[in-house]
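> Structure for the following, please:
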Amino acid sequence: MLKKSIEDLSFNGRNFTESHIETAEYENCRFVNCQFVGANLSDCFFVDCTFENCDLSNAKLVGTSFKSVRFKDCKLLGLHFDDCNPFLLSFNFESCLLNFSIFYKLKLKGTQFKDCKLEEADFTETDLSGSVFEHCELRNAVFEQTNLEAADLRSAMNFSINPAKNRLKKARFSSQNIAGLLDGLGIRID
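Have a look, this model is predicted:
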């Protein structure tokens with residue numbers, strides 16, 4: 001069954017927590033100051049869309065498609081991005097709160113995370129090759145069997161990444177945050 005197509009619309013100040021969002025394909029749409037807390041976004045398609053200053057915390061994302069989607073100044077707590085449709089999945093985040101979000105086993109090559117909080121986010125078995133974590137807080141984020149080849153973590157903060165359990169070839173770090181690669185060794189750096 002073909003989904004309804006909604007194109008080139010702006011949604012401003014809508015509360016999709018109280019009113020259901022239509023299961024449709026949203027293309028080149030803007031969502032500004034919208035509430036999606038706990039909303040069911042399952043099976044929706046978002047293509048070339050922008051979410052600004054929205055709260056999507058705990059939204060359901062089963063089969064949701066995000067293709068070339070930009071999140072800016074959004075609250076995205078506890079999202080299961082691993083439930084999304086993985087086909088052509090691509091998004092970027094700027095000044096977003098992504099604590100407790102799960103990216104398990106996703107292919108997120110070249111994803112941009114700028115000025116984001118990713119505390120206790122789960123990147124287990126995620127392909128983040130070529131991704132950028134610019135000024136991101138990664139306290140207690142999980143990196144296990146994660147592909148971080150050619151990723152840029154030079155300005156990332158408070159991460160703990162075990163080089164023996166992750167792929168780091170050509171990944172970039174700074175002399176200020178390199179201690180995050182040594183946590184698993186049980187040594188002290190003064």
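
> got the contact list for the nearest residue to Leu79 once chain neighbours are set aside?
Nearest non-adjacent residue to Leu79, counting by CB to CB, 6 or more residues apart in numbering: Ser101, 4.6 Å away. Backbone N, C-alpha and C define where each C-beta goes, glycine included. By CB atoms under 8 Å, 6 or more residues apart in numbering, the contact set of Ser101 is 76-81, 118, 121-122.

> can you put these in TSV and add pLDDT and distance to Thr64?
Converted to TSV, the contacts of Ser101 look like this (pLDDT from 0 to 100; distance: CB to CB, whole Å):
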residue	pLDDT	distance to Thr64
Leu76	98	13
Leu77	98	16
Gly78	97	15
Leu79	98	10
His80	98	10
Phe81	98	9
Leu118	98	20
Ala121	98	18
Asp122	98	18
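
> Widest-spaced pair of those?
His80 and Leu118 (14.7 Å; CB to CB).

> Neighbour count: the two, which is higher?
Leu118 (27 against 18; other CB atoms under 10 Å).

> which residues does the residue lying closest to Ser10 once chain neighbours are set aside form a beta bridge with?
Using CB to CB, 6+ apart and skipping the chain neighbours, the partner closest in space to Ser10 is Arg30 (4.4 Å). Counting by DSSP bridges, Arg30 forms beta bridges with Ser10, Thr50.

> ok, Phe87 touching Thr64?
No - applying CB atoms under 8 Å as the test, Phe87 and Thr64 come out as separate, 11.4 Å apart.

> the more surrounded of these two?
For the pair Phe87 and Thr64, the greater number of neighbours falls to Thr64 (22 against 8), based on other CB under 10 Å.

> what comes up buried for the lowest-mean-pLDDT helix or strand in the chain?
The helix or strand of the chain with the lowest confidence, counting by mean pLDDT, DSSP states H and E, is strand 4-7 at a mean of 95. For strand 4-7, burial by neighbour count (16 or more other CB atoms under 10 Å) applies to Ile6.

> pLDDT weak spots in this protein?
1-2, 179, 182-190 (pLDDT under 70).

> So which residues of it form strands?
4-7, 10-12, 24-27, 30-32, 45-47, 50-52, 65-67, 69-72, 91-94, 112-114, 132-134 (DSSP state E).

> Pipe those strands into TSV and attach distance to Leu181 per row.
Output for the strands of the chain, formatted as TSV (distance: least, CB to CB, whole Å):
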stretch	distance to Leu181
strand 4-7	45
strand 10-12	43
strand 24-27	40
strand 30-32	38
strand 45-47	35
strand 50-52	33
strand 65-67	30
strand 69-72	28
strand 91-94	23
strand 112-114	19
strand 132-134	14
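
> would you put the C-alpha positions of stretch 63-78 in PDB?
The C-alpha trace of stretch 63-78 is given here as PDB (Å, rounded to 0.1, in the frame of the first residue of the first chain):
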ATOM      1  CA  GLY A  63      10.400   0.900  10.700                       C
ATOM      2  CA  THR A  64      10.800   4.700  10.600                       C
ATOM      3  CA  SER A  65      12.900   5.900   7.700                       C
ATOM      4  CA  PHE A  66      15.200   8.900   8.100                       C
ATOM      5  CA  LYS A  67      17.000   9.900   4.900                       C
ATOM      6  CA  SER A  68      19.100  13.000   4.900                       C
ATOM      7  CA  VAL A  69      17.400  14.300   8.000                       C
ATOM      8  CA  ARG A  70      18.800  17.200  10.200                       C
ATOM      9  CA  PHE A  71      18.100  17.500  13.900                       C
ATOM     10  CA  LYS A  72      19.000  20.800  15.500                       C
ATOM     11  CA  ASP A  73      18.500  21.800  19.100                       C
ATOM     12  CA  CYS A  74      16.400  18.700  19.700                       C
ATOM     13  CA  LYS A  75      15.800  16.600  22.700                       C
ATOM     14  CA  LEU A  76      16.100  12.900  21.600                       C
ATOM     15  CA  LEU A  77      16.300  11.000  24.900                       C
ATOM     16  CA  GLY A  78      16.200   7.200  24.900                       C
END
